[in-house]
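1. Okay, here's the prediction I keep looking at, along with the sequence it came from:
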Amino acid sequence: MRNTLLLGVALPCAAFLSLPAPAMAAPQGVTLYGLIDVGVEYINNAGPDGGAILRMHPGGRSTSHIGMRAEEDLGGGNKAFVHLETGFHPDTGGLAVPASFFNRQANVGIEGAYGRLLVGRSESTTGDFMLNDALANNYSWSGVSTHLRGGRRDGTLGRISNLIKYQGSAGRYKFGASYGLGEVAGQVSAGAKYSAALDYRNDGFGWTLTYDRDNSDTLEPGYSRAGNVSLSGVLPIGKMKTYAGYRRHVKHGIGGRPDRRSDFVWLGVAVPLDERNSLSLGYYHVDVRNEAMGLSGNPNLLAMRLTHTMSARTDLYATLAYAWVPSGDPIGVGNSPRLYAENGRQTGLNVGMRHRF
């Protein structure tokens, strides 16, 4: 199996490099880029005492990051590339993941007419393709979790280390697949992570189908092998864009324990108010199955964001969200468990600024 994996990397690379090429070309140089997103956030019913918190929030719309890309023309329409990127918290200047400097991207690869192949650390294919959400990121559950406490996380695969990833396109279709090696001696599939996606776009209309699986046996006590299947889409109606999506999440029980499942749906709209201002609305609902620890409620989230575009690289935003679960189980508008509301209801407001460079 290990030899098969090595051939899976070596043969595509050899195919790229065997294409006709002129004399060695000069490197194309290095591009430094980044994004800073920081705001002030108010959350009520936060934490075990139920009081409110006012804090500076590093990433109300996007995770702040800085990165570097380098490319070299190999001739024949092919190029080699290197990508390094780290996330950070602008409120403190610290790394988003203290134990990993290049926590977002650290990879090398080849790109050409046959697509793009990379190895290293990068976003999973699911993460690359999940685009059909009016809000996305903070105060949105489409990519991360049901936001129920108790060690439960019904989210999709995020960034993966030890990754082999391919992405290609054909006409209006884009497709991709990725495989993260588990690197467990004697058990090739143990700890492995893999995902695949197919995407279609045509004049603003589009849909995305994704699948991912995590073979980890440490996801939650008593469970292993989490998987997700999702289908989402966007449909323009005049100047407005409408969004909808569905995701089924399954964790497999160990030792006769029943599988844990959730069915998640979201709806949204994005409306331009004028040339500089836009409004986005989203509703998120999770139907939780086989919940442990007495947390049997089905959480809901309503969110809205007003965005003011100052320039092509700078915008201001204000996001308001309300999360509730009818059973009164702990719930949160965001993904910080230490700020979850113990009474099952929470409101959050985040006002911030985002700049790209």
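-> Received the coordinates, thanks. Numbering: from 1, shown residues only.
2. can we go C-alpha only for contacts and neighbour counts from here?
-> OK.
3. Which stretches in the stretch 101-250 of the chain count as strands?
-> 105-112, 115-123, 159-170, 173-180, 193-202, 205-214, 223-237, 240-253 (DSSP state E, counting those that start in this stretch).
4. now what about the first one, what contacts it?
-> With contacts defined as CA atoms under 8 Å, 6 or more residues apart in numbering, strand 105-112 is touched by 13, 16, 77-86, 116-123.
5. And the last one, by the same measure?
-> Under the criterion CA under 8 Å, 6+ apart, residues 132-134, 154-155, 222-236, 258-272 lie in contact with strand 240-253.
6. For it, give the mean pLDDT please.
-> For strand 240-253, the mean per-residue pLDDT is 93.
7. How far off centre is it?
-> Centroid separation between strand 240-253 and its chain, computed with CA atoms, centre = their mean, to the nearest Å, is 13 Å.
8. following it, which helix or strand comes up?
-> strand 260-272 (DSSP states H and E).
9. Is residue 87 in contact with residue 96, as I believe?
-> Yes. The pair residue 87 / residue 96 is scored as a contact, 5.1 Å apart, by CA atoms under 8 Å.
10. Now do the contacts for the residue sitting nearest the centre point of the chain.
-> The chain has residue 127 as the residue nearest its centroid, 4.2 Å off, counting by CA atoms, centre = their mean. Residues near residue 127 by CA under 8 Å, 6+ apart: 143, 156-159.
11. from the contacts of strand 240-253, which would you call buried?
-> 132-134, 154-155, 222-235, 259-271 (16 or more other CA atoms under 10 Å).
12. just to revisit the earlier point, of the contacts of residue 127, grab the buried ones for ChimeraX.
-> Buried residues within the contacts of residue 127, by 16+ other CA under 10 Å, are selected in ChimeraX with:
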select :143,156,157,158,159
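13. Output the contacts of residue 127 as JSON lines; include the columns pLDDT.
-> Formatted as JSON lines, the contacts of residue 127 follow (pLDDT from 0 to 100):
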{"residue": "143", "pLDDT": "65"}
{"residue": "156", "pLDDT": "84"}
{"residue": "157", "pLDDT": "84"}
{"residue": "158", "pLDDT": "85"}
{"residue": "159", "pLDDT": "89"}
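14. would you turn the contacts of residue 127 into CSV with distance to residue 49?
-> Formatted as CSV, the contacts of residue 127 follow (distance: CA to CA, whole Å):
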residue, distance to residue 49
143, 29
156, 31
157, 32
158, 32
159, 34
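15. Select, from the contacts of residue 127, the two members most distant in space.
-> Farthest pair in those (CA to CA) is 143 and 159. Separation: 11.9 Å.
16. Using the three-state scheme, assign residue 338.
-> helix (DSSP: H, G, I helix; E, B strand; the rest coil).
17. who are the neighbours in contact with the closest residue to it other than its chain neighbours?
-> Leaving aside its chain neighbours, residue 338 sits nearest to residue 47 (5.6 Å; criterion: CA to CA, 6 or more residues apart in numbering). Contact analysis of residue 47 by CA under 8 Å, 6+ apart lists 338-342.
18. Check residue 79 too.
-> Counting by CA under 8 Å, 6+ apart, residue 79 has contacts 71-73, 110-112.
19. now swap in residue 219 and tell me
-> Contacts of residue 219 (CA under 8 Å, 6+ apart): 225-226.
20. how near is it to residue 338?
-> The spacing between residue 219 and residue 338, counted by CA to CA, to the nearest Å, is 19 Å.
21. And the average pLDDT for stretch 45-63 is what?
-> Averaged across stretch 45-63, pLDDT comes to 87.
22. Residue numbering should commence at 39 henceforth.
-> Okay, residue one is now 39; in that scheme the one you just asked about reads as stretch 83-101.
23. Identify each buried residue in that stretch, please.
-> Here stretch 83-101 shows 83-85, 90, 94-99, 101 as buried, counting by 16+ other CA under 10 Å.
24. Then stretch 98-112?
-> Of all the residues in stretch 98-112, those buried under the rule 16+ other CA under 10 Å are 98-99, 101-106, 108-112.
25. contact partners of it?
-> By CA under 8 Å, 6+ apart, the residues outside stretch 98-112 that reach it are 59, 62-77, 96, 117-128, 174-176, 357, 388-390, 392.
26. Quick one: buried ones out of the contacts of strand 143-150?
-> 51, 54, 116-124, 154-161.
27. Poorly predicted segments of the stretch 89-238 of the chain, please.
-> Along the stretch 89-238 of the chain, segments meeting pLDDT under 70 span 181-191.
28. The closest residue to residue 205 other than its chain neighbours: neighbouring residues, count only.
-> Nearest residue to residue 205, sequence neighbours excluded (CA to CA, 6+ apart): residue 214, at 4.1 Å. Residues lying near residue 214 (other CA atoms under 10 Å) number 23.
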